[in-house]
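> dropping a prediction and its sequence here:
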Amino acid sequence: MTQPVVDPFDPALAPSPTAVVALSRIIDPLGRTPHDPYRIEVYRREMLSGARFPPISVVTFGSRYLVADGHKRLAAYGALGQPDIRVELWSWGRWLRDQGRQARDNSGKNLRILRLSVSDPLAALRLLGSTLAHWRRVVGALILNLR
């Protein structure tokens, strides 16, 4: 049987400083609900085969670390049973900039849905449906993690 790579996360792929921390100190607000089970399994298999990935991105949250980016990579790595993980340390400013970028991207998608509703209503409905399904999963995961 193939042994898991001890550290599939390459610090050279992270523009910010990295650190190795205990996996138990990571808080993933999406962690209890699989975000994309297929992609997580693909990542897990790639990690087992020796593939290299950027470290997950975190912000310091008291004595713990809150996942900013890399939820699927974290889920895949967590399935390997390793006690520690290499993370990229983001500042809260970097996290806020990333949230702003995501909001802009989502605004663009929402405008696309509106445009498609005139030119191709079925495509608009499919895109709206996938968007709502995504946010239903995110909200459900956040609710589970707050309990």
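Sure thing, it's come through. Residues are numbered from 1 along each chain as shown.

> give me phi/psi at A103?
When read as degrees, to the nearest 10, the backbone of A103 gives phi -60, psi -40.

> distance check, it against L96.
10 Å (Cβ to Cβ, to the nearest Å). For glycine as for every other residue, the C-beta is placed from the backbone atoms N, C-alpha and C.

> what of G129?
30 Å.

> and the strands in the chain?
18-22, 26-27, 56-61, 64-69, 84-90 (DSSP state E).

> highest average neighbour count across those strands?
strand 84-90 (a mean of 22; mean count of other Cβ atoms under 10 Å).

> end to end on stretch 17-37, go ahead and measure it.
Stretch 17-37 stretches 29 Å from its first residue to its last (Cα to Cα, to the nearest Å).

> relative to the whole chain's centre, how far out is it?
Stretch 17-37 has its C-alpha centroid displaced from the chain centroid by 8 Å (Cα atoms, centre = their mean, to the nearest Å).

> grab the nearest non-local neighbour of A76.
The spatial neighbour of A76 that comes closest, neighbours along the chain excluded (Cβ to Cβ, 6 or more residues apart in numbering), is Y43 at 3.6 Å.

> wait, doesn't the one you found sit right on L74?
No. Proximity of Y43 to L74 does not meet the contact threshold set by Cβ atoms under 8 Å, at 9.5 Å.

> tell me the domain ranges of this protein?
Under the assignment automatic domain parsing, the domains of the chain span 11-94, 99-146.

> how long is the first one from one end to the other?
So that's domain 11-94. 18 Å.

> can you check stretch 10-20 too?
Across stretch 10-20, first to last residue, Cα to Cα, it's 11 Å.

> that'll do, ta.
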